[in-house]
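> Predicted model, plus sequence, below.
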Amino acid sequence: MIISTKTKQTTKSDLVKIGCDHPLFDQVVAMGTKNSKTLGHFPRGAFIEYGKKGTIIAAHDSNKTLFGYILFSITASKGTIRIVHLCIGENNRGKGIAKLLLDEVRSRFSLQLKGIALSCREDYTEASKFWEKYGFIPRNRSRSRSKQERYLIKWWYDFGNQDLFSWSNENSEKTKALLDANMIIKLRDNDTNEQTGAKYLMADWLVDEIDYYYAQEFYNEIQRDKDKERASRSRSFITQFFGAKSKPETRDEIFNHIQTIVSGNSANDISDKKQLSECIAGGIDYFITTDTNLLESEAGVYEKYGVQILTPTEFILMLDQINNRSNYVSTRIAGVNVDYNQLESREISPLVDCFLRKQRGEKKHELRNTLTSITGNVNGSKVKVIKDKDRKKLGFWAAELKRNVLSIPLIRTNETKIASILFKQLVFDLITYSIENEKLIIEISDRQLDDSDKETLESLGFVFNDWVWTKVALTGVANSVDIFSNNRIPPEFAKNSGLVKRWRNEPKNFTLSLERLFWPIKFSDLDIPTYIIPIKPFWAGQLFDHFRTSSNLFGAAPELAWNRENIYYRSVKPISEEAPARILWYASTSTDRGNLSRSQSIVGCSYLDEVHIGNPKALFQKFKKYGVYEWKDVFDLAKNDIDRDIKALKFSDTEVFKNAVPLEDVGKILLNNERKKNTFASPVIVDTNIFLEIYLKGTGYSNE
């Protein structure tokens, strides 16, 4: 192919179909013969045959001087055009003539044929750059027939027309998702250690649920791979997926707009944008990637095109919500399809086999002896195992009740995608367990914790010293100053954590951090807002109120209410909450099943961490990892208006009141504090005194 990619101003030229009797025919033959070293030997008789078929198009000036020509064949049975020659005269290369000739062929046949094919030597790098820039895809690589070891690249330009096969797939009821290049590579390499969740995409149950696609741009990624054996494996691997089909002009128009939404101009960034453009142009609703730049642009892309950009894990969870399926992994992120049982003696050996940290040097007999010793102490210890609905073990903790300490020698989670969330919840459960058993100090001494486990412990107020993680859990109401002077905090804990020094240096800003560190205590001198927020009893039960749902929460025991962090959606008006703040949850009137004594009552309190306002799709996409809510719930709240802003309240560390505080009692507390009674049809802000009175009544704690 005699072309050039150098950029010059396009030469004004006319295009004409060349027959054997056309005045330019001899010039075409002469130009082809002159460049036969590159184009290959092509006899005059062959030119005549192509001329008779009308498949030679020439570019020329007003003086009938030939600039270049394109010679091609049409295979009607396959619906394809094959370019034989694209030849531009030496003095006219790099002036846009090659593009004009291709544009002419495309405009004449794009509605009735599938696309354009051609072969070009791999070492013709300038030509290859041109083909890629125009939109051709390097579909294959094969050895040429020359004696020297040379390779041909088979390039393809798709017109985007549907054939019988693609039409059938287009009308499939399966969910369609396009995998980006990096995701395909992870699947190709079958990397079982990778942490993106890509491996879940190939679960057997998804075969009947999803059709996976690749962007044609992926072939350019393959072409750039210098490891030709690996490139060959990539070409072979993607044959199990569908190639995205789209109209080139639509794809290119979308790409130009994507440039304004997604940042980045590196070669990888451009390739990513091209893949996303193919996904959108091909009518595929989901684009699967782990690229941070693309994920951060999801809201803008969705607003314009309705395509969601998701990580593999997010996509699987989304699919689970759509199809009401959960067998891709035995437990859902919301943490509900599990059993939470006391360990039986016959389970010790299987538990050891499941949670032994052999790679860290832990010995099987040591773990077995520790578990045996703990389970033997019937009155002073407890081992609880968490399992999914298929009885697969996900995690466990072993605790011993000592004088003033809850000692946890073992706390483990299995390697699943929810391991870090599960570990945090297990620790949160242990804090609750220590409070129920009136143990002030919690000590975790398991030496097999990984880095993420340690980070979780630090975030929950644990202090590390001498191989033991220690936390102090205080209850009731107190002044933050007093806890340092009345020995409520063990001196060694205060010393190791540096709390006294931090409190002296920043008493005002540190009070909230201190209260959360010693959760569930509440400080009377903490100056942050409190909002009484109405919530339907159903959602209170779903999010945190396990007393309402009695013995089960989604089929799980109440210990597994995932109440460390969560999201509550509500309308934007009439109040603008500000974080940080405290929340008192008012469960309104209920007609559904559940503990009706917890309706029209304040049933718990939380910390308000963040307030987000936006359109329902953007907020749902951002926070759907917290489970519980499905898209239809959020959409209903927005009155089925995709452009109607709603509010997402991110809250954490919920303390559920054993004694729900009825509306009548709340009214009396308001009157005693010179406030009017309220039915809490919408959120109401109250002061610290009102919060503390309601809190003490709900928890039964004393004011110390």
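Good, I have the coordinates.
> how close does Lys382 sit to Ile81?
Lys382 sits 74 Å away from Ile81, going by Cβ to Cβ, to the nearest Å. Placement of C-beta: from N, CA and C, glycine included.
> same deal with Phe544?
64 Å.
> returning to that earlier point: so for Lys382 and Ile81, which residue has more residues nearby?
Higher neighbour count among Lys382 and Ile81: Ile81, with 24 against 18, using other Cβ atoms under 10 Å.
> Tell me which residues touch that one, please.
Going by Cβ atoms under 8 Å, 6 or more residues apart in numbering, Ile81 touches Phe72, Ser73, Ile74, Thr75, Val105, Phe109, Leu113, Gly115, Ile116, Ala117.
> nearest to Trp469, of those?
Nearest to Trp469 out of those is Gly115 (Cβ to Cβ; 62.6 Å).
> For that closest one, give its distance to Ser459.
Gly115 is 55 Å from Ser459, by Cβ to Cβ.
> What's the first helix or strand after the longest strand along the chain?
Taking DSSP state E as the criterion, the chain has its longest strand at strand 646-662. Using DSSP states H and E, the helix or strand that follows strand 646-662 in sequence is helix 663-672.
> Between strand 646-662 and that following helix, find me the angle.
100 degrees (axes from the mean of the first three to the mean of the last three Cα atoms, to 10 degrees).
> Show me what helix 663-672 is packed against.
With contacts defined as 3 or more Cβ pairs under 8 Å, 6 or more residues apart in numbering; DSSP states H and E, the packing partners of helix 663-672 are strand 601-614, helix 688-699.
> Reformat these as a markdown table; add mean neighbour count, mean pLDDT and distance to Val352.
Listed next are the helices and strands packed on helix 663-672 as a markdown table, based on neighbours: other Cβ atoms under 10 Å; pLDDT from 0 to 100; distance: least, Cβ to Cβ, whole Å:
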| stretch | mean neighbour count | mean pLDDT | distance to Val352 |
| --- | --- | --- | --- |
| strand 601-614 | 20 | 94 | 38 |
| helix 688-699 | 20 | 95 | 39 |
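> Compare those and give me the one nearest Gly476.
Judging these by Cβ to Cβ, what sits closest to Gly476 is helix 688-699, at 7.9 Å.
> who's in contact with that closest one?
Taking Cβ under 8 Å, 6+ apart as the rule, helix 688-699 contacts 475-477, 520, 522, 524, 526-527, 530, 582, 584, 602-605, 655, 657-661, 665-666, 669-670, 672-673, 675, 701-703.
> do stretch 606-616 as well
Contacts of stretch 606-616 from elsewhere in the structure, counted by Cβ under 8 Å, 6+ apart, are 299, 303, 516, 531, 544, 565, 572, 576-583, 585, 619, 622-623, 634-635, 637-638, 641-655.
> from these, which ones fall inside strands?
Among the contacts of stretch 606-616, the ones falling in strands (DSSP E) are 531, 565, 581-583, 585, 646-655.
> Strands along the stretch 151-300 of the chain, start to end?
Ranges of strands within the stretch 151-300 of the chain are 151-158, 175-179, 210-214, 242-243, 286-288, based on DSSP state E, counting those that start in this stretch.
> Go ahead and measure how far the last one is from the middle of the chain.
Its chain's C-alpha centre and that of strand 286-288 lie 10 Å apart, by Cα atoms, centre = their mean, to the nearest Å.
> Next: the shortest one.
Centroid separation between strand 242-243 and its chain, computed with Cα atoms, centre = their mean, is 23 Å.
> quick revisit: give the other helices and strands that the longest strand of the chain contacts.
With contacts taken as 3+ Cβ pairs under 8 Å, 6+ apart, strand 646-662 sits against strand 565-571, strand 581-587, strand 601-614, helix 616-623, helix 688-699.
> ok, the residue nearest to Lys358 when sequence neighbours are not counted to Lys393 distance?
Take Lys358 and drop its neighbours on the chain: the residue closest to it by Cβ to Cβ, 6 or more residues apart in numbering is Lys364, 7.7 Å away. With distances taken as Cβ to Cβ, Lys364 is found 16 Å from Lys393.
> Mind checking which of those two has more residues around it?
Set Lys364 next to Lys393 and count neighbours by other Cβ under 10 Å: Lys393 wins out with 19 against 12.
> ok, that one touching Phe355?
Yes: judged on Cβ atoms under 8 Å, Lys393 makes contact with Phe355 at a distance of 7.4 Å.
> For those two, list the residues in contact with both.
Between them, Lys393 and Phe355 share the contacting residues Asn414, judged by Cβ under 8 Å, 6+ apart.
> Quick check on the contacts of helix 688-699: which are buried?
With burial judged by 16 or more other Cβ atoms under 10 Å, the buried subset of the contacts of helix 688-699 is 475-477, 520, 522, 526, 530, 582, 584, 602-605, 655, 657, 659-661, 665-666, 669-670, 701.
> what's the average pLDDT for the helix ranked longest in the chain?
In the chain, with assignment by DSSP state H, the single longest helix is helix 419-436. Averaged across helix 419-436, pLDDT comes to 83.
> Please name every helix or strand in contact with the helix or strand following that helix.
The helix or strand immediately downstream of helix 419-436 is strand 441-444, counting by DSSP H and E. Here strand 441-444 touches strand 405-413, helix 419-436, strand 468-472, going by 3+ Cβ pairs under 8 Å, 6+ apart.
> Please write out the alpha-carbon positions of the shortest one in PDB.
In PDB, the C-alpha atoms belonging to strand 468-472 read as follows (Å, rounded to 0.1, in the frame of the first residue of the first chain):
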ATOM      1  CA  VAL A 468      -2.200  -7.100  71.600                       C
ATOM      2  CA  TRP A 469      -4.800  -4.800  70.100                       C
ATOM      3  CA  THR A 470      -6.800  -3.100  72.900                       C
ATOM      4  CA  LYS A 471     -10.000  -1.100  72.900                       C
ATOM      5  CA  VAL A 472     -12.000   0.500  75.700                       C
END
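> what's the helix or strand for Ser682?
For Ser682, there is no host helix or strand (DSSP H and E).
> For it, give its distance to Lys304.
In this view, Ser682 and Lys304 are 34 Å apart by Cβ to Cβ.
> so how far is stretch 453-462 from its chain's centroid?
24 Å.
> and that stretch, average pLDDT?
84.
> what residues does that stretch touch?
The contact list for stretch 453-462, computed with Cβ under 8 Å, 6+ apart, reads 420, 423-424, 427-428, 431, 442, 444, 449, 464, 469-472, 516-519.
> Can you tell me which of those are classed as buried?
Neighbour-count burial (16+ other Cβ under 10 Å) applied to the contacts of stretch 453-462 gives 423-424, 427-428, 431, 442, 444, 449, 469-472, 516-519.
> Name the nearest residue to the most centrally placed residue in the chain, ignoring sequence neighbours.
Geometric centre of the chain, nearest residue: Thr311, 3.1 Å, by Cα atoms, centre = their mean. With Cβ to Cβ, 6+ apart as the criterion, Thr311 has its nearest non-adjacent residue at 5.6 Å, and that residue is Thr290.
> how deep is the one you found tucked in, by neighbour count?
Counted with other Cβ under 10 Å, Thr290 comes out at 19.
> phi, psi of it?
When read as degrees, to the nearest 10, the backbone of Thr290 gives phi -120, psi 10.
> Surely it and Pro312 touch.
Yes: the pair Thr290 / Pro312 is scored as a contact, 7.3 Å apart, by Cβ under 8 Å.
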